[in-house]
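K.L.:
no sequence on this one, just coordinates:
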């Protein structure tokens, strides 16, 4: 009777690659979130200061003078600020919902809610992976009881 051939299995290396990919995705998502939440306001502030007139009195004067396209550019800057505020609100809503383990309510007109959910989800998904990468500590064997016999009386 022929002997069955033993099946050998190789240890899977995909677990480490998946963890590295998840960490890379989380780092990229965190970078994009930081740029959108912190870098975009800096850019908008700079652009608004170039386009907008200094002071409220100059703004009233801007509306009463000949149109040079400055009003349109100022309206675009205000739209940019409104979009950034909506996206920031969506990110805060998603963080709170995902930390509770629930789906965030879909608010009509909230700009970028799906993008915020994807970015926040990628960042929060990698958080437990950092602790899973730590080497598990070897459990100490239970000390043998001294002076206790194992045989029943």
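P.N.:
Arrived safely, thanks for sending. What you see is a predicted model; the values in this text were computed from it and never measured.

K.L.:
after the helix or strand of the chain with the lowest mean pLDDT comes which helix or strand?
P.N.:
Least confident helix or strand, the chain: helix 56-64 with a mean of 69, by mean pLDDT, DSSP states H and E. On the C-terminal side of helix 56-64, the closest following helix or strand by DSSP states H and E is helix 70-100.

K.L.:
now for that following helix, which elements pack on it?
P.N.:
helix 40-51, helix 56-64, helix 113-132 (3 or more CB pairs under 8 Å, 6 or more residues apart in numbering; DSSP states H and E). For glycine as for every other residue, the C-beta is placed from the backbone atoms N, C-alpha and C.

K.L.:
residue 50: neighbour count?
P.N.:
10 (other CB atoms under 10 Å).

K.L.:
how near is it to residue 74?
P.N.:
Distance, residue 50 to residue 74, using CB to CB, to the nearest Å: 10 Å.

K.L.:
then residue 109?
P.N.:
23 Å.

K.L.:
repeat for residue 26
P.N.:
38 Å.

K.L.:
how many residues are close by residue 32?
P.N.:
Applying other CB under 10 Å, I find that residue 32 has 16 neighbouring residues.

K.L.:
can you tell me the element it falls in?
P.N.:
Here residue 32 is assigned to helix 14-34, by DSSP H and E.

K.L.:
show me which positions of stretch 99-116 end up buried.
P.N.:
Judged by neighbour count using 16 or more other CB atoms under 10 Å, the buried positions of stretch 99-116 are 104, 110, 112, 113, 115, 116.
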